[in-house]
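Visitor: just the structure for this:
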Amino acid sequence: MTSLDADAIRDYLPGDVRKTIGQLETFATIESTNTYLMQAPGPSPGQLHIAATSNQTSGRGRDGKSWHAPPGSGVCLSAAYTFPSQPKNLPALTLAIGLAALTAMKGLGANGIQIKWPNDLAARGGKLGGILTEVQAGSGKSVTVVSGIGVNVDLCDDVPAEMRNDWARNVVDLYALCNKKPSLDEVAAALVTQFANAFQGYELDGFAPLVAKWSQHDWLVGRDLVVQVAQEEIRGIGAGIAEDGALLVDTRANGTRHIVSGTIVHVGPRD
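Guide: Down below sits the predicted model:
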């Protein structure tokens, strides 16, 4: 099994990003990088605390779901960042992190990646990665968030059945999308770099400047959707995202619904 190396990851980081890393820890095995950082003290404002592994035994996803991946087949990485004060529209930060992850993968030579609202990376009809953003409980004006991602890098056809029981028809790994195969350390460094940029950009400008770019990679546009919102099922066609990052669903009969929080329980083909 291939383990991540903190020194190697640092070596791949641009100098300006390296300066923002307060702590960078790698683990041969850990239950959950997000849980670890949620239980750790938040970093100083403007600094990141990174936890990463290639073997996460109890990874967590959105809505209590688990993140499954064979040991050594991918990168599970979480970043804690402290905002001096709560940014506007904090829920949309997950979308910004998704776009950052896509940018990281493109920088490694991967093509054809899209984003499934609000927190997944998709390619070739399959799931490449998933994101979970959580907020630490705290006092005062500062807010510490923890954004974690699991990315399939090299599954080697060893795909547990539970990885297929999701919105995607199958799963896909990064190596299937790249001509040149990056190391796990390179993948981690690319994610750290883009996460750092995303947090700093969000602190300054929020989500609004990212809407157009995010929309270029929207996997749900034009697809038949069923979205669970509280006790209601909303059915319609994906119509993009709003300025605040909410999902837009064209129900046709009842107009376009603006969904801030919900679970997509069915994704069909595009019209």
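Visitor: CA atoms for contacts and neighbours, from now on please.
Guide: Will do.
Visitor: flag the shaky bits of the stretch 1-150 of the chain, pLDDT-wise.
Guide: 1, 59-69 (pLDDT under 70).
Visitor: assess the claim that Phe83 and Gln47 are in contact.
Guide: No. If you go by C-alpha atoms under 8 Å, Phe83 and Gln47 don't touch, sitting 9.2 Å apart.
Visitor: list the contacts of Gly98.
Guide: Gly98 is in contact with 115, 118-121, 131, counting by C-alpha atoms under 8 Å, 6 or more residues apart in numbering.
Visitor: can you check Pro84 too?
Guide: The contact partners of Pro84, by C-alpha under 8 Å, 6+ apart, come to 45-46, 141-143.
Visitor: from those, which ones fall inside helices?
Guide: Secondary structure from DSSP state H places none of these in helices.
Visitor: out of those residues, which are buried?
Guide: 46, 143 (16 or more other C-alpha atoms under 10 Å).
Visitor: what residues of stretch 17-24 count as buried?
Guide: Those would be 17-18, 20-21, 24, for stretch 17-24 by 16+ other C-alpha under 10 Å.
Visitor: and if you look at stretch 230-247?
Guide: 234-241, 244-247.
Visitor: can you put the contacts of Pro84 in JSON lines and add distance to Trp219?
Guide: Converted to JSON lines, these look like this (distance: C-alpha to C-alpha, whole Å):
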{"residue": "Pro45", "distance to Trp219": "34"}
{"residue": "Gly46", "distance to Trp219": "32"}
{"residue": "Lys141", "distance to Trp219": "36"}
{"residue": "Ser142", "distance to Trp219": "34"}
{"residue": "Val143", "distance to Trp219": "31"}
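Visitor: from the contacts of Pro84, which land in strands?
Guide: Of the contacts of Pro84, the ones assigned to strands by DSSP state E are Val143.
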